[in-house]
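S.K.: this one's sequence-less:
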């Protein structure tokens, strides 16, 4: 009898149009901590949602800056998950909708990536709008040119998502034969709500260490993403 992992791999190999929906668990193998586990960024931090909120950025930019610096891991490189998804993109129609703000899918060479929550590596001055390099932002939260406060172009709590990102993600999901959810608890909305725009006859695969709450038929591969993608 074919096991669940083999079944999921066969589905991905046969499909011509795939959408991957990825979360923090995809990047942990690259040395980037997740958010909510015992070793995550939020562990032991009081009110982390406030520290990554629009209110904190405006009221206490120094507190925001101190916390957001911990999210940067410029030494991190794409792992086997990012690499296998990029390889599949060379052979099939593949879209990646990611919660991650680390740009590793893009660095791996995947051509169709929606960074649903923005990117840490796209920084700009809030006063003059000029782009600022990450090394300069790491040195100071103030823009040398005008003295304005720099921020990364990520979606903070209390801020709206990019309409174009939403539209692209919905378009991809409405056409995909297979939707593969990888490395996410799938609890953050509206990211998790995107699954409702999939084609009615699409197959849904979940590759995650823990089961997720998903009110639709799906194939659960309960293992680390790097172990699963190593076998593809």
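M.R.: It's in. This structure is a prediction, so every number in the text was calculated from the model and none was measured. Residues are numbered from 1 along each chain as shown.

S.K.: got the residue ranges for the strands in this structure?
M.R.: 17-22, 93-98, 113-115, 118-125, 131-132, 150-154, 178-182, 203-207, 219-221 (DSSP state E).

S.K.: Switch these over to CSV; also include distance to residue 69 and mean pLDDT.
M.R.: Backbone N, C-alpha and C define where each C-beta goes, glycine included. Converted to CSV, the strands of the chain look like this (distance: least, CB to CB, whole Å; pLDDT from 0 to 100):
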stretch, distance to residue 69, mean pLDDT
strand 17-22, 24, 98
strand 93-98, 22, 98
strand 113-115, 20, 98
strand 118-125, 10, 98
strand 131-132, 14, 98
strand 150-154, 10, 98
strand 178-182, 27, 98
strand 203-207, 31, 98
strand 219-221, 35, 97
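
S.K.: Those strands: which one's closest to residue 61?
M.R.: Judged by CB to CB, the one of the strands of the chain that comes nearest to residue 61 is strand 150-154, at 8.4 Å.

S.K.: hang on, residue 108 packs against residue 78?
M.R.: Yes - Residue 108 is within contact range of residue 78, at 3.7 Å (criterion: CB atoms under 8 Å).

S.K.: Find the residues that touch each one of those two.
M.R.: Applying CB atoms under 8 Å, 6 or more residues apart in numbering, one finds that residue 108 and residue 78 are jointly contacted by residue 86.

S.K.: and the lowest-mean-pLDDT helix or strand in the chain, how far out from the chain's middle?
M.R.: Each helix and strand of the chain was given a mean pLDDT (mean pLDDT, DSSP states H and E); the minimum falls on helix 48-51 at a mean of 92. Using CA atoms, centre = their mean, to the nearest Å, the distance from the centre of helix 48-51 to the centre of the chain it belongs to is 18 Å.
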